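Undergrad: all I have is the shape, not the residue letters:
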């Protein structure tokens, strides 16, 4: 089975792997395939446990807030409902989709697809709605980057620390169920084997003229990012994958950079009001006070909660700025083709992977605002409402994530002086064995 590496474009012939092994690209170290021990039983077991914990998380009180004999109790759904009450429908939808709707849909899809795979493999049942299964598999892996259950849990813990000195906080049964739910979702996602799942329904289609050692610069194939199928070069702009029917995207560094720059510039524009305007307003005894992101960090530091202040500073100030500067530098280097040797390309790839991984964690501050707004509602005695910066900051996080996703890191592997669309071969000094690294 031959696979084209998504991050460097090298075509690698993958041997048969045992359960628990994974194969990495010999050129850039990217994981090409990973196999899971007990590939059917473990994801299904964790998926069922996730649904049980989700039902418990939504069925009982989540948190309670009591001060001077006055109290307020919320469920997990109250956070989105309260944001809707303050005319922040976009934030309410964002919270619902990333914390409840997308994770639930992901788990349900996993259980359904693995059930269909079980029927095909063990019962020999013929699945007639094959096009429908292709669509569901594509949806499954499209929504995976937007599951933020673990980020929301960190936001809940940070919000509890921020108001624990002001009032008594009660942890409901749903809070503990949600903690377990978060851990189970993360584990379930890690156990879903994309290659194994596609293989249960649709076999790889052999393509003539493509050999191990070829790259994206040979222009004799297009690798599908959804199912790893290698396709012949398309003759139309709307060509589809032979295996999964996903739309094929021919390597075009200029097009990739344009989209990446557009999203990045948009995020920079929104980052300015996100730091200038209040993230939330606090009403205490009839007096209203706004709090910016940096102001909240300073307040936590003065209260002695320096670990939480450090978390907020890193997640909401340092990470977004560092990611924007890093992506801008990577895009600049990719556009200039300053030095695309293998050694430099690997360094840039590692930096790109890091920025893509940490980007979603900046959403912590948005979830902190959502919890505080839902929990602290004691009318004029004490109440918290979202500020205009909350929506701007959420937009920054989304646009930086989209910028990293739209960028094609294979541009790092264009030899210096070569055109983006000019055929080229690896230099002899930079050639690598096309035998993948296989290890546990």
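TA: That came in fine, so what should we check first? Quick caveat: nothing in here was measured; it's all calculated off a predicted structure.

Undergrad: touching the host helix or strand of residue 265 from outside, list them.
TA: For residue 265, the element it lies in under DSSP states H and E is helix 253-276. With contact meaning CB atoms under 8 Å, 6 or more residues apart in numbering, helix 253-276 is reached by 292-294, 317, 320-321, 324, 327-328, 331, 334-335, 388-389, 392-393, 395-396, 399-400, 402-404, 406-408, 410-411, 414, 420. Just so you know, the C-beta spots here come from the backbone N, C-alpha and C atoms, and that holds for glycine as well.

Undergrad: stretch 152-169 too?
TA: Residues from elsewhere that reach stretch 152-169, judged by CB under 8 Å, 6+ apart: 63-67, 95, 98-99, 175, 178-179, 182, 296, 300, 303, 305, 308, 311-312, 361, 363-368, 370-372, 375-376, 382.

Undergrad: of those residues, select the buried ones using a ChimeraX command.
TA: Buried residues among the contacts of stretch 152-169 (16 or more other CB atoms under 10 Å), as a ChimeraX selection:
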select :63,64,65,67,95,98,99,175,178,179,182,296,300,305,308,311,312,361,363,364,365,366,367,368,370,371,372,375,376,382
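
Undergrad: out of the contacts of stretch 152-169, which sit inside strands?
TA: In strands, defined here by DSSP state E, the members of these are 63, 64, 65, 66, 67, 382.

Undergrad: and the residue lying closest to the fourth one once chain neighbours are set aside, how far from residue 278?
TA: Nearest in space to residue 66, with sequence neighbours left out and distances taken as CB to CB, 6 or more residues apart in numbering, is residue 168 at 4.5 Å. To residue 278, residue 168 is 26 Å away according to CB to CB, to the nearest Å.

Undergrad: kindly report the same for residue 28.
TA: 44 Å.

Undergrad: of the two, who's got more company?
TA: residue 28 (23 against 20; other CB atoms under 10 Å).

Undergrad: tell me the strands in this protein, going along the chain?
TA: 2-4, 11-13, 22-24, 31-34, 63-67, 70-74, 168-171, 222-223, 230-231, 280-284, 287-291, 377-378, 382-386, 437-439.

Undergrad: helices or strands up against the fourth one?
TA: If contacts are counted by 3 or more CB pairs under 8 Å, 6 or more residues apart in numbering; DSSP states H and E, strand 31-34 sits against strand 22-24.

Undergrad: hmm, residue 102 is touching residue 147, no?
TA: Yes. At 5.6 Å, residue 102 counts as touching residue 147 under the criterion of CB atoms under 8 Å.

Undergrad: which of these two has more neighbours?
TA: Legend: neighbour count by other CB under 10 Å for residue 102 and residue 147, higher for residue 147 (23 against 19).

Undergrad: tell me which residues touch that one, please.
TA: So residue 147 contacts 98, 102, 103, 106, 185, 189 (CB under 8 Å, 6+ apart).

Undergrad: of these, closest to residue 3?
TA: Nearest to residue 3 among the contacts of residue 147, counting by CB to CB, is residue 189 at 21.1 Å.

Undergrad: how many residues are close by that closest one?
TA: With other CB under 10 Å as criterion, residue 189 counts 19.

Undergrad: how much space separates it from residue 144?
TA: Look at residue 189 and residue 144: by CB to CB, they are 6 Å apart.

Undergrad: cool, residue 341 as well?
TA: Distance from residue 341 to residue 144, counting by CB to CB: 33 Å.

Undergrad: for residue 53, same thing?
TA: Noted for residue 53: a distance of 19 Å to residue 144, by CB to CB.

Undergrad: for residue 313, same thing?
TA: For residue 313, the distance to residue 144 - CB to CB - is 29 Å.

Undergrad: ok, these two, which is more surrounded?
TA: residue 313 (19 against 14).

Undergrad: which residue, other than its chain neighbours, is closest to the more buried one?
TA: Leaving aside its sequence neighbours, residue 313 sits nearest to residue 297 (CB to CB, 6+ apart; 4.8 Å).
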